[in-house]
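Q: Just to be clear, the model below is a prediction. Sequence and coordinates:
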Amino acid sequence: MNKIFKKVAAVALAGVLTATAFAGCSKTEGEKNGNEPAKTSYKIGICQLVQHDALDAATKGFMDKLNELGAANNITFEFDSQNASGEATNCTTIVSNFVSNQVDLIMANATDAMAAASQATADIPIVATSITDYATGLGIDNWTGKTGFNVTGSSDLAPLADQAAMIKELCPDAKTVGILYCSAEKNSKYQSDVMQQELTKLGMTCKEYTFVDTNDVTAVTQQIVSDKCDVVFAPTDNTAASNTEAINNVLEPAKIPVIAGEEGICKGCGIATLSISYYSIGQAAGQMAYDILVNGQNPGDMEIQYATELTKKYMPERADAVGVTIPDGYEAIITE
């Protein structure tokens, strides 16, 4: 199998200020405490599971936030950004190289990237993003909101009860909901389990449709049509996000609407979504990384951060094509 790693080197350079002008303005944590001066240059390894709009936006938000903070405080960040092309084994290789290269921090974008990083090191701090449920992704029982070890980060979870309510609002006569996701993604399974509970409360019957990888997306999606499901829920699933065209090519002609877990999937095959900003959760992760590296915070003691802004969005033309009327209160998604 060809392993294609995209490597992007980006360096955030602080604004040019004279030492005299800057003195006393922004001391590092070490200088404030009378200890050895803290570092002013950091190397960060970024492992992104796969390239698609949502994860790309999160990575950009992460880097932009650190660039912004670095420029304001005369600190340099060097990013080694690599893409695993959707393969968990590639994540393992990437993060192992980061550990060998002794990076100061690893940013893990998506669950498989976080799992690989967590297995590779217990010492290097890890800040993750685009994770639906950290307890599921890391196998933590008795979840308290923080990991207790070297992993923290931000989540892309939009309240699943609200997403179930959206399905009921848009498809009030629907009786059967097909839930479409990749069986290899733990957080997709988590979303499916919770959604089944929520949709059952609303009087709907659910059936899971799982594909193993990109090769069987079309065949699995065609089974939804054969089973005559009334509506489909597609959670925040990276394999689905990379195969929205294949999904849409099957479901739109059959006039089966898709409610998507995030905006990128909605653009490709959905009619509506309860949208979060992946750029914003990436920025939140960037702030957390800065607090760990520069301000000395312990990742194990940091609460997982969640998106605070949720927006109902829809795809006008596709909603019309499948015969769904969108009520007031939804914002049209603008596509290029």
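A: Cool, the structure landed. What you are looking at is a predicted structure, and each value in this text was computed from that prediction instead of being measured.

Q: which residue is nearest the centroid of the protein?
A: residue 130 (1.8 Å; Cα atoms, centre = their mean).

Q: shaky segments in this protein?
A: The model of the chain has pLDDT under 70 over residues 1-38.

Q: just the strands in it please.
A: Ranges of strands in the chain, per DSSP state E, are 8-12, 41-48, 76-83, 105-109, 126-131, 151-155, 176-182, 205-211, 231-234, 258-260, 272-275, 305-306, 311-314, 331-332.

Q: Look at residue 159 and say how many residues are nearby.
A: Using other Cβ atoms under 10 Å, residue 159 has 14 other residues around it. Where you see a C-beta, it was placed from the backbone N, CA and C, and this is true even at glycine.

Q: Tell me the spacing between it and residue 304.
A: 15 Å (Cβ to Cβ, to the nearest Å).

Q: Could you chop this structure up by domain?
A: The chain breaks down by automatic domain parsing into domains covering 8-156+278-303, 160-275+311-332.

Q: quick one on the thing from earlier: can you verify my assumption that the residue nearest to the centre of the chain contacts residue 281?
A: Yes. With contact defined as Cβ atoms under 8 Å, residue 130 counts as touching residue 281 (7.0 Å).

Q: and for these two, which residues touch both?
A: 58, 154, 156 (Cβ atoms under 8 Å, 6 or more residues apart in numbering).

Q: Is the second one bridged to anything, and to what?
A: The partner list for residue 154 in beta bridges (DSSP bridges) reads residue 305.

Q: I figured it hits residue 285, correct?
A: Yes. If you go by Cβ under 8 Å, residue 154 and residue 285 touch, sitting 4.7 Å apart.

Q: list residues touching both of those two?
A: 128-129, 305.

Q: Show me the helices in the stretch 201-336 of the chain, by range?
A: 217-226, 238-241, 244-251, 263-269, 278-293, 316-322 (DSSP state H, counting those that start in this stretch).

Q: Return the set of buried residues in the third one.
A: Applying a neighbour-count criterion of 16 or more other Cβ atoms under 10 Å, one finds 244, 246-248, 250-251 buried in helix 244-251.

Q: Distance to residue 213 and neighbour count for the shared contacts of residue 130 and residue 281 - can I get that in TSV?
A: Converted to TSV, those look like this (distance: Cβ to Cβ, whole Å; neighbours: other Cβ atoms under 10 Å):
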residue	distance to residue 213	neighbour count
58	22	29
154	27	28
156	21	24
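
Q: of all the buried residues of helix 244-251, which two lie farthest apart?
A: Greatest spatial distance in the buried residues of helix 244-251: 244 and 250, 11.1 Å, computed using Cβ to Cβ.

Q: my guess is residue 121 contacts residue 106, does it?
A: Yes. Using Cβ under 8 Å, residue 121 is in contact with residue 106, at 7.4 Å.

Q: neighbour-wise, which of the two wins?
A: Each of residue 121 and residue 106 has its neighbours counted (other Cβ under 10 Å); residue 106 has more, 29 against 17.

Q: what's that one in contact with, if anything?
A: 44-47, 95, 98, 117, 121, 124-127 are the contacts of residue 106 under Cβ under 8 Å, 6+ apart.

Q: Name the single longest helix found in this protein.
A: Identified as the longest helix of the chain according to DSSP state H is helix 53-73.

Q: Who are the packing partners of that one?
A: strand 8-12, strand 41-48, strand 76-83, strand 105-109, strand 126-131, helix 238-241, helix 263-269, helix 278-293 (3 or more Cβ pairs under 8 Å, 6 or more residues apart in numbering; DSSP states H and E).

Q: how far away is residue 124 from residue 61?
A: Taken as Cβ to Cβ, the span from residue 124 to residue 61 is 21 Å.

Q: Between these two, which is the more surrounded one?
A: The neighbour count for residue 124 versus residue 61, taken as other Cβ under 10 Å, is higher for residue 61 (23 against 18).

Q: Surely that one is in contact with residue 286?
A: Yes. Proximity of residue 61 to residue 286 meets the contact threshold set by Cβ under 8 Å, at 6.6 Å.

Q: For the shared contacts of residue 154 and residue 285, give me a markdown table that also has neighbour count and distance to residue 178.
A: Below are these laid out as a markdown table (neighbours: other Cβ atoms under 10 Å; distance: Cβ to Cβ, whole Å):
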| residue | neighbour count | distance to residue 178 |
| --- | --- | --- |
| 128 | 31 | 29 |
| 129 | 31 | 28 |
| 305 | 18 | 32 |
